[in-house]
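>>> what shape does this take:
(3 chains)
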Amino acid sequence: MGLESHALGATITSVQILRDSCVRRSPGGPIGFAAAVVGARIDAVVRRGKFLWLDLDGGALALSAHLGMSGQFRVASVPAPTPHPHCRARFTLDGPEGPLALDFLDQRTFGYLDSEPLIATPDGLPGGLGSASPLVPDSVAHIGRDVLDPALRRARVLGQWRRGSRGIKQLLLDQTLVSGIGNIYADEALWRARVHPATPASGLSGRAAGALLEASREVMAEALAAGGTSFDALYVNVNGESGYFDRSLNAYGRGGEPCPRCGRPLMRAVMGGRSTHWCAQCQRTRARG
DNA sequence: AGTAGCACCTGATTGC
DNA sequence: TGCAATCAGGTGCTAC
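The predicted structure follows:
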């Protein structure tokens, strides 16, 4: 269910914080958070990487969210009287078609909600996907543009990657350079571009780096298409329940299974503290040209 | 400056 | 049977 189609133009009429830690980054705590957002009108739903925010009341303030690894928003016109056990916050919205419940669910509690001022982007281009507004919340300013963002400066990202001494997988996961690529999709992009995850980024040719960025874009676009077009599609079923995960993952989580491309057993190891899966046969140190 | 390592957290799974 | 250890994920902080 798309958040945008239901939330746009609606007014937040109440907030119920079911678990205080979901607003742990909000200086005013549950009370301050509620005071900031209740009564506000939702003017836009915007995403950059794994950050999501709602422009409120003409763009001075945002309700920002990070969904962590298991967070999601659910909209219901007839909400369950007892919220889901993983529901951390429940908003009541007053939309054109009547009241709606907007639940913030987050099983593993890495996600959070906050209210923040919006600040201008340095380039004056739209701050994220979903809105033409050149504003982003404070906490998003240091995050690089989304891999699917038309305003992404591609050549700049490639230069930053190739300047790093870390393995290319770690750079792929560095959200300050380009955002949106998580651990699962990083492995998939590397597999697709035939790049070994431990390749020193400085050793990648420009061509190889370009192929990897393009593969990342493709993987993210396909994941979004498979999960729908809603903003929360990236985060739904991160535990592996979705059809996309079942059918389309070529490398992630498949250590020991045959590589779908060459049949050799896939490898698994921890790199940069994250589980990493690759094919030693067809992922060498260079990308296909 | 750039990088490495860890804390945060919870439920499912595995091991004893 | 029951309890304990392990694991997964993204970000932000501290320490080098």
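
>>> give me the distance between the residue of the stretch 101-250 of chain A found nearest DNA strand C and residue A:213.
Proximity of the stretch 101-250 of chain A to DNA strand C (Cβ to the nearest atom of the strand) peaks at residue A:182, 2.3 Å away. (Glycine included, C-beta is placed from N, CA and C.) The gap separating residue A:182 from residue A:213 is 16 Å, by Cβ to Cβ, to the nearest Å.

>>> please apply the same query to residue A:249.
Noted for residue A:249: a distance of 20 Å to residue A:213, by Cβ to Cβ.

>>> those two - which one has more neighbours?
Neighbours were counted for residue A:249 and for residue A:213 using other Cβ atoms under 10 Å; residue A:213 has more, 23 against 20.

>>> and the more buried one, what element?
helix A:206-227 (DSSP states H and E).

>>> residue A:210: what's it in contact with?
Contacts for residue A:210 (Cβ atoms under 8 Å, 6 or more residues apart in numbering) come out as A:154, A:158.

>>> try it again at 7 Å.
Residue A:210 makes contacts with residue A:158, as judged by Cβ atoms under 7 Å, 6 or more residues apart in numbering.

>>> what ranges do the strands span in the stretch 1-150 of chain A?
In the stretch 1-150 of chain A, the segments counted as strands under DSSP state E, counting those that start in this stretch are A:11-17, A:42-48, A:51-56, A:61-66, A:71-76, A:87-95, A:98-106, A:112-120, A:135-137.

>>> wait, isn't residue A:261 in contact with residue A:281?
No - shown here, residue A:261 and residue A:281 do not form a contact pair, counting by Cβ atoms under 7 Å, at 8.5 Å.

>>> list the buried residues for stretch A:192-208?
Using 16 or more other Cβ atoms under 10 Å as the test for burial, stretch A:192-208 gives A:192, A:193, A:194, A:195, A:196, A:197, A:198, A:199, A:201, A:204, A:208.

>>> tell me the bridge partners for the fourth one.
Applying DSSP bridges to residue A:195 gives these bridge partners: residue A:284.

>>> surely residue A:87 and residue A:101 touch.
No - counting by Cβ under 7 Å, residue A:87 does not reach residue A:101; the two are 9.7 Å apart.
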